[in-house]
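K.L.:
predicted model, plus sequence, below.
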Amino acid sequence: MKAFVFPGQGAQYVGMGKELYDNSPKAKELFEKANEILGFRITDLMFNGSDEDLKQTKVTQPAIFLHSVILAEVMGADFNPDVVAGHSLGEFSALVANKTLAFEDGLRLVSQRALAMQEACEMEASTMAAIIGLEDEVVVKICKEINETVVPANFNCPGQLVISGSFKGVEMACEKLLEAGAKRALPLNVGGAFHSPLMEPARIKLASAIENTHFSQGICPIYQNVSGEAMTDLSAIKENLVKQLTAPVKWTQIMTNMIADGLTDLTEVGPGNVLQGLLKKVDRKIPTSSASIAF
């Protein structure tokens with residue numbers, strides 16, 4: 001079983017997508033269409049902006065989405081998944097790549113999602129932290145014991161879990177988790193508490209946008225963040241996309257389930273190689289690669 005997976009926020013870098021734009025007429029056409037849809041030249045920020053430009057959620061999310069889905073499109077017949085998955089934002093990239101969503105609709109949803117999340121971040125100061133070297137069950141238990149908003153947000157791989165919540169909640173949880181034996185508790189440089197109850201205002205806005213967007217039957221199943229399982233039912237896919245904003249990303253479960261279902265190789269489509277590294281923490285024997293184009 002061949003899987004193609006799509007990265008989420010944090011994989012961005014200045015210059016991402018420029019080689020595609022310069023060498024593929026199809027890629028250039030899609031990038032220019034994106035500039036028109038978004039109402040600003042995101043390509044200028046992607047190719048020549050600063051790190052600070054790219055760190056803005058309203059820029060980061062559509063930028064990573066565009067790099068990923070345009071790369072998948074330009075790959076042509078080399079993009080031949082049996083299954084797809086995407087980490088957080090990457091779930092939208094995966095749904096465009098497997099033809100569940102049209103390019104234009106996917107981009108509009110990602111842009112609306114990013115703006116809604118940025119607004120939610122500005123409503124209440126919040127943050128995230130990576131917890132290294134502790135069992136998932138211990139992290140879940142300690143978060144429940146904190147009398148502040150803090151929840152497990154990203155189950156990335158065994159021994160690596162990201163927590164999310166108010167500054168006070170995350171700080172209190174980090175202290176308790178270090179006492180419980182965590183090797184490290186690293187505050188993350190993010191705009192807010194993604195995949196936590198503090199994203200509820202964004203979830204409500206995204207729910208309305210998703211309800212008014214057309215979804216088609218995809219060319220293959222998608223393993224979704226909320227369930228960790230392969231999905232083909234469109235109503236369930238839409239429901240899971242909405243839930244995703246306030247629910248944890250079950251990436252460890254996605255990888256475990258893919259392996260159980262017969263995963264033979266994994267290709268990461270988009271910037272970076274984080275998802276390949278996470279699979280290696282689950283099973284080092286499965287071959288991984290980055291999607292590439294020979295111009």
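P.N.:
Received the coordinates, thanks. Only a predicted model underlies this, so the values are computations on that prediction, with no experimental measurement involved.

K.L.:
what about the strands in the stretch 151-295 of the chain?
P.N.:
160-166, 184-187, 222-223, 230-231, 265-268, 288-290 (DSSP state E, counting those that start in this stretch).

K.L.:
for these, which one sits closest to Glu19?
P.N.:
strand 288-290 (13.1 Å; C-beta to C-beta). Any C-beta I mention is one placed from the backbone N, CA and C, and that applies to glycine too.

K.L.:
give the buried residues for that closest one.
P.N.:
Across strand 288-290, burial judged by 16 or more other C-beta atoms under 10 Å covers Thr288.

K.L.:
the nearest residue to Ala11 once chain neighbours are set aside: how many residues sit nearby?
P.N.:
Sequence neighbours aside, Gly272 is the residue nearest to Ala11 in space, at 3.7 Å (criterion: C-beta to C-beta, 6 or more residues apart in numbering). Using other C-beta atoms under 10 Å, Gly272 has 18 neighbouring residues.

K.L.:
need the pLDDT of the nearest residue to Asn189 once chain neighbours are set aside.
P.N.:
In this structure, Asn189 finds its nearest non-sequential neighbour in Lys55, 7.8 Å apart by C-beta to C-beta, 6+ apart. If you check Lys55, the pLDDT there is 85.

K.L.:
mind listing what's buried along the helix-or-strand element of the chain with minimal mean pLDDT?
P.N.:
Least confident helix or strand of the chain, by mean pLDDT, DSSP states H and E, is helix 51-55 with a mean of 88. Judged by neighbour count using 16+ other C-beta under 10 Å, the buried positions of helix 51-55 are Asp53, Leu54, Lys55.

K.L.:
which of those sits closest to Met1?
P.N.:
Leu54 (33.7 Å).

K.L.:
and that closest one, how far from Ile70?
P.N.:
17 Å (C-beta to C-beta, to the nearest Å).

K.L.:
tell me where the model's unsure across the chain.
P.N.:
For the chain, no stretch has pLDDT under 70.

K.L.:
neighbours of Ile204, how many?
P.N.:
14.

K.L.:
how far away is it from Lys243?
P.N.:
In terms of C-beta to C-beta, Ile204 sits 12 Å off from Lys243.

K.L.:
same thing with Leu107?
P.N.:
21 Å.

K.L.:
likewise Leu38?
P.N.:
Taken as C-beta to C-beta, the span from Leu38 to Lys243 is 26 Å.

K.L.:
equivalent analysis for Ile286, please.
P.N.:
28 Å.

K.L.:
in CSV, list the C-alpha atoms belonging to the longest helix seen in the chain.
P.N.:
The longest helix of the chain (DSSP state H) is helix 103-123. Coordinates of each C-alpha in helix 103-123 appear next as CSV, following Å, rounded to 0.1, in the frame of the first residue of the first chain:
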residue,chain,number,x,y,z
PHE,A,103,-8.1,23.4,-5.9
GLU,A,104,-10.0,26.6,-5.7
ASP,A,105,-12.4,25.4,-3.0
GLY,A,106,-9.5,23.9,-1.0
LEU,A,107,-7.6,27.1,-1.1
ARG,A,108,-10.6,29.2,0.0
LEU,A,109,-11.2,26.8,2.9
VAL,A,110,-7.6,26.9,4.0
SER,A,111,-7.5,30.7,3.8
GLN,A,112,-10.8,31.0,5.9
ARG,A,113,-9.4,28.4,8.3
ALA,A,114,-6.2,30.4,8.8
LEU,A,115,-7.9,33.7,9.3
ALA,A,116,-10.4,32.2,11.8
MET,A,117,-7.6,30.5,13.7
GLN,A,118,-5.6,33.8,13.8
GLU,A,119,-8.6,35.6,15.1
ALA,A,120,-9.2,33.0,17.8
CYS,A,121,-5.5,33.3,18.8
GLU,A,122,-5.9,37.1,19.2
MET,A,123,-9.0,36.6,21.4
